[in-house]
Each structure stands twice: as structure tokens, then as C-alpha cells.
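*Asks:* Okay, here's the prediction I keep looking at, along with the sequence it came from:
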Amino acid sequence: AQTVTQSQPEMSVQEAETVTLSCTYDTSESDYYLFWYKQPPSRQMILVIRQEAYKQQNATENRFSVNFQKAAKSFSLKISDSQLGDAAMYFCAYRMKSSGDKLTFGTGTRLAVRP
Amino acid sequence: DAGVIQSPRHEVTEMGQEVTLRCKPISGHNSLFWYRQTMMRGLELLIYFNNNVPIDDSGMPEDRFSAKMPNASFSTLKIQPSEPRDSAVYFCASSSRVPDTEAFFGQGTRLTVV
């Protein structure tokens, strides 16, 4: 079974600084998709960024980028120039391509941003 | 589109009562997921449907939980009888079957069983 592990229950970053959230996963598949979701206090789940496993280039979305290490099964999220609005729970998620459906989440990392 | 719509937003019920959570997915999406979120266990996938058919219900905790999707625009998650340990936030999400498409989440239902 696929599992997603986020080993950092909580992280803290100074406003304007950079922070990296860790995620590892376990799979025997070679083709799959990885996602980072943000959950602010409003509870709404918001997609931050996605990565296709067969693409070696790391995905970027403005201040958010990933470090995808397929051999190590690692998918970390880097937030640059942190802003107060980045404070939230962040979830890493995995989706198999073969079934195209099942979306498995990690346990989340709570990010605090210090002004 | 209004997004994924869940009702109610909050539900408080007494132990032993039946609880029904409702979800309207985004029009045109043919995959629907029910998740449960707790502090201890994070986001757990309970069940998901493709084209209204349940594909994997291995995450449903026990027989007290059941889910249905009678048509493409409506799904329910029922707990009968409810117990205090069922207290959690329940999310419904939908997506197309294209794998790289993200799942879109509803606002969740916060269930409290007293």
C-alpha cells in the first residue's frame, strides 16, 4: 500500500525567510503524481503545487517550489519569502496514475510564520 | 461552478443517533472522495467512487459507516449509530479521472458526537 510520511508535525519560519517542509512516500509504482495542499484556519483545502513523477524538472509556482528526488522517494516543499498568510497546515499527497484515482495524504505539517 | 458543496457545516448529535452528511460534487467530475480529518490520524480516505460506483471502501472504519452515490451530483455518508469517537471533520472532494487533476474539496462538516 502507498504511504505518505511527513516527519515534521510543526515548523516555524520568520517572515520573509525560506522554509522547507519534508515529505517522503512509499510506492512500487513508477508513474504517479504528487501534490502539496494548504489548509488555512478556514479549513478549506487549497492546492499549492503538483509534480508528475516522470518529469525530472522540479515544479514551481511563484514562491513555492519542490525538490523532487524520485530515487529517494522524497518530495519537499520550499516556501520562499514567507508571508503571514502562509501560516497553515500543509499536506503532501500521492496519487497513482495506474488507477488514476486514489489520493493518499500525509499527516500534515503545521507552519507558523513569525512577524 | 460553486465548487464542492457539503452540508451541514456543523453537526452536533447525541451518541446513538444517526448522522447523514451530504455532498454535491463539481459538475462533470466523476470521482468522489470522502475523507475524515482528526488531530490524531490526519486525513484518512474513507471511500471513493468512480462514476457513482464505490471503488475502495477499505478505509471505512466499521459497519456503522455507509456511503452512497445514487447519481453523479449527490453522495451521502451515514453513521448509524454514532459514537463520540466519530467526532471529526468530514471532507468530501471530487475530481475528474485525469490523474494530474487535483481533488477539489468542500468546506467540510465538523461532527461532534456527545
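*Replies:* On my side now, so go ahead. Numbers count the residues shown, from 1 in each chain, chains lettered A, B, ... in the order given.
*Asks:* Just the strands from chain B, written as ranges.
*Replies:* B:5-7, B:10-13, B:19-24, B:31-38, B:42-50, B:53-56, B:65-71, B:74-79, B:88-95, B:104-105, B:109-113 (DSSP state E).
*Asks:* Next, the angle from the fifth one to strand B:74-79.
*Replies:* What that stands for is strand B:42-50. Inter-element angle recorded for strand B:42-50 and strand B:74-79: 130 degrees (by axes from the mean of the first three to the mean of the last three CA atoms, to 10 degrees).
*Asks:* Whether strand B:42-50 contacts chain A - can you check?
*Replies:* Yes. Strand B:42-50 is in contact with chain A by CB under 8 Å from any CB of the partner chain, via B:42-43, B:45, B:48, B:50. No exception for glycine: its C-beta is placed from N, CA and C like everyone else's.
*Asks:* One more: the second one?
*Replies:* No. Strand B:10-13 lies out of reach of chain A by CB under 8 Å from any CB, never closer than 11.1 Å.
*Asks:* So which elements touch that strand?
*Replies:* strand B:19-24, strand B:109-113 (3 or more CB pairs under 8 Å, 6 or more residues apart in numbering or on different chains; DSSP states H and E).
*Asks:* Report the strands that pair with the shortest one, each with its relative direction.
*Replies:* I take that to be strand B:109-113. Paired with strand B:109-113 in the same sheet, following DSSP bridges, are strand B:10-13 (parallel), strand B:88-95 (antiparallel).
*Asks:* if you average pLDDT over it, what comes out?
*Replies:* Averaging pLDDT along strand B:109-113 gives 97.
*Asks:* now stretch B:66-83
*Replies:* Averaging pLDDT along stretch B:66-83 gives 96.
*Asks:* returning to what we had before: I'd like the strands of chain B as a markdown table, with distance to A:Thr104 appended.
*Replies:* Converted to a markdown table, those look like this (distance: least, CB to CB, whole Å):
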| stretch | distance to A:Thr104 |
| --- | --- |
| strand B:5-7 | 21 |
| strand B:10-13 | 26 |
| strand B:19-24 | 20 |
| strand B:31-38 | 10 |
| strand B:42-50 | 7 |
| strand B:53-56 | 11 |
| strand B:65-71 | 18 |
| strand B:74-79 | 19 |
| strand B:88-95 | 13 |
| strand B:104-105 | 15 |
| strand B:109-113 | 21 |
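*Asks:* For the closest residue to B:Leu111 other than its chain neighbours, list the residues it contacts.
*Replies:* Computed as CB to CB, 6 or more residues apart in numbering or on different chains, the closest residue to B:Leu111 that is not its neighbour in sequence is B:Glu11, at 5.0 Å. B:Glu11 sits next to B:19, B:21, B:109-112 when contact means CB atoms under 8 Å, 6 or more residues apart in numbering or on different chains.
*Asks:* if we take those residues, which one ends up nearest to B:Arg36?
*Replies:* B:Leu111 (9.0 Å; CB to CB).
*Asks:* can you pull up the bridge partners for that closest one?
*Replies:* Beta-bridge partners, per DSSP bridges, of B:Leu111: B:Glu11, B:Ala88.
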